[in-house]
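>>> Show me the folded form of this:
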Amino acid sequence: MVTPIGDTPQENFEAMKSGKSGVSKIAGSGFNDEDWPLSKIKHLEEENRYQALLKRTCSQLLKAYGQELFQSEKTLIIISSTKADIDSFPEDTFSSTRSIINELLTPVNTPVIISNACISGVLAINTAVDYLNDEKYTNVIAIGIDALSDFIVYGFQSLFALSDAPSRPFDKNRKGISIGEAGGAIMVSKERPSEMFSVEYLGGSSSNDANHISGPSRTGEGLFRSINLSAERAGINLKELDFISAHGTGTLYNDEMESIAFDRLGLNKIPLNSLKGYFGHTLGAAGIIELLATMLMMEHKLLLKSPGFEEQGTSCNINVLKENTESEAQLVLKTASGFGGGNASIILRK
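I've put the predicted structure just below:
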């Protein structure tokens, strides 16, 4: 887990616990040299941030698992990224990804790439489980990664989606997104990884609301359907949930849509947070690093507050955490929503 606030899962958790944020104003980052608040990893090569970040993430993986795991025919790697090495456009923006993975991890199997806007990370975990259920693989490593670039910052700026202050998901005074960068990886396995904290995957799904190229459904239909289907596959009643790790971008429409979906599902009182105030919105990495952060919360029995939230800013009341809260959370829902109408969700059990 490599983010602007830590180079390991434990470093990140300690930083989050203390309320540290990686979001700060970056001079001249806008199209007209505006100073936008972004979540930027320090000491990362400026020449090609994506490649440097992927190499750092791979080195962590090798340290954690060793080379042998990746050279097994029973291991598959899935890459989750919205843009990959966008600086290489119009050439294949994923060519350097394949090269770096092959050079550093030397996998037997060709990596699978998932690029479906901001639900990519959650989709990668759901896809990993599908591969495991097909019996061909024993372990699937899902790597989520995206780096800051002019293309991404200018793009969100052109949509008037960037906030001129750190994002405040679900808050009355929210102004928009703070873009970030991160790399992270999760092992999805039929065998519990030794000496590591793990959770059980109960069910997951995705649903597309087909509403708009960039705007979510006003009724939360896609997210509503995905969560319902995930609960059905998990074999649980949604009222049993202990916690929700929401997408929570800090934009007017996304946060409103999520609150409506949660309200329709009767989840108003379930504690929830958005982690975007710690990392910024890390796009293709978001689902992976936010799942990792959620696992850390379950491990340490501490639900982290949602940074920037002070006053309810959505039409439907939801239980957004204002303070770190001790909890024996056993059953957790993770959601994601993205451009193109995509919505995805996962239910985990401690």
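>>> In the chain, where's the longest helix?
helix 49-65 (DSSP state H).
>>> So which bits of it are buried?
49-58, 60-61, 65 (16 or more other CB atoms under 10 Å). All C-beta spots, glycine's among them, are computed from the backbone N, C-alpha and C.
>>> what sits up against that helix?
With contacts defined as CB atoms under 8 Å, 6 or more residues apart in numbering, helix 49-65 is touched by 1-2, 7-8, 41, 44-45, 70, 83-87, 96-97, 100-101, 104-105, 141, 143, 145-149, 181-185, 187.
>>> cool, stretch 78-96 as well?
So stretch 78-96 is contacted by 48, 50-51, 54, 97, 101, 111-115, 117-118, 120-121, 123-124, 127-128, 140-146, 149, 151-152, 283-285, 287-288 (CB under 8 Å, 6+ apart).
>>> mind running it again at 6 Å?
50-51, 97, 111-115, 117, 120-121, 124, 128, 142-146, 149, 151, 283-284 (CB atoms under 6 Å, 6 or more residues apart in numbering).
>>> Show the average pLDDT along it.
The average pLDDT within stretch 78-96 is 95.
>>> and the end-to-end length of it?
15 Å (CA to CA, to the nearest Å).
>>> what does the domain assignment say about this structure?
Listed domain ranges for the chain are 9-189, 200-349 (source: automatic domain parsing).
>>> Buried deepest among those domains, which one?
Most buried of those, by mean neighbour count (mean count of other CB atoms under 10 Å): domain 200-349, with a mean of 21.
>>> first to last residue in it, what's the distance?
For domain 200-349, the end-to-end distance is 5 Å (CA to CA).
>>> again, but for stretch 111-125
For stretch 111-125, the end-to-end distance is 14 Å (CA to CA).
>>> Ok, stretch 36-52 next?
23 Å.
>>> can you give me the offset of it from its chain's centre?
18 Å (CA atoms, centre = their mean, to the nearest Å).
>>> Do you have the helices of the chain handy? List them.
Under DSSP H, the chain gives helices at 9-17, 49-65, 67-70, 95-104, 120-133, 150-158, 221-234, 252-264, 276-279, 286-300.
>>> Just send these back as JSON lines, with distance to residue 32 too.
Output for the helices of the chain, formatted as JSON lines (distance: least, CB to CB, whole Å):
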{"stretch": "helix 9-17", "distance to residue 32": "32"}
{"stretch": "helix 49-65", "distance to residue 32": "22"}
{"stretch": "helix 67-70", "distance to residue 32": "44"}
{"stretch": "helix 95-104", "distance to residue 32": "30"}
{"stretch": "helix 120-133", "distance to residue 32": "30"}
{"stretch": "helix 150-158", "distance to residue 32": "9"}
{"stretch": "helix 221-234", "distance to residue 32": "35"}
{"stretch": "helix 252-264", "distance to residue 32": "23"}
{"stretch": "helix 276-279", "distance to residue 32": "25"}
{"stretch": "helix 286-300", "distance to residue 32": "27"}
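>>> out of the ones you listed, which comes closest to residue 196?
Residue 196 lies closest, by CB to CB, to one member of those: helix 49-65, at 8.2 Å.
>>> what about residue 217, distance to residue 260?
9 Å (CB to CB, to the nearest Å).
>>> repeat for residue 166
Residue 166 is 25 Å from residue 260, by CB to CB.
>>> same check, this time on residue 171
17 Å.
>>> repeat for residue 188
From residue 188 to residue 260 the distance is 31 Å (CB to CB).
>>> Then residue 28?
With CB to CB as the criterion, residue 28 and residue 260 are 38 Å apart.
>>> Residue 175 too?
Separation of residue 175 from residue 260 (CB to CB): 20 Å.
>>> now swap in residue 92 and tell me
39 Å.
>>> swap in residue 214?
18 Å.
>>> try residue 95
41 Å.
>>> cool, and residue 309?
Taking CB to CB, one finds residue 309 at 18 Å from residue 260.
>>> Check residue 251 too.
14 Å.
>>> Just give me the neighbour total for residue 5.
22 (other CB atoms under 10 Å).
>>> residues contacting it?
Contacts of residue 5 (CB under 6 Å, 6+ apart): 12, 15, 20, 22.
>>> Please name the nearest non-neighbouring residue to it.
residue 15 (4.0 Å; CB to CB, 6 or more residues apart in numbering).
>>> circling back: report the inter-axis angle for the longest helix of the chain versus helix 9-17.
Here helix 49-65 points in a direction 120 degrees away from that of helix 9-17 (axes from the mean of the first three to the mean of the last three CA atoms, to 10 degrees).
>>> Helix 95-104 and helix 49-65, what's the angle between them?
30 degrees.
>>> How far off centre is helix 49-65?
The answer for helix 49-65 is 17 Å, by CA atoms, centre = their mean.
>>> Surely the residue nearest to residue 5 touches residue 6?
Yes - judged on CB atoms under 6 Å, residue 15 makes contact with residue 6 at a distance of 5.2 Å.
>>> Residue ranges in the stretch 151-300 of the chain under the pLDDT threshold?
Applying pLDDT under 70 to the stretch 151-300 of the chain picks out residues 193-194.
>>> hmm, try it at 80
192-195 (pLDDT under 80).
>>> what about the residue lying closest to residue 225 once chain neighbours are set aside, distance to residue 151?
Setting aside the residues directly before and after it, residue 225 is nearest to residue 207 in space (CB to CB, 6+ apart), at 4.2 Å. For residue 207, the distance to residue 151 (CB to CB) stands at 28 Å.
>>> Then residue 20?
Residue 20 is 28 Å from residue 151, by CB to CB.
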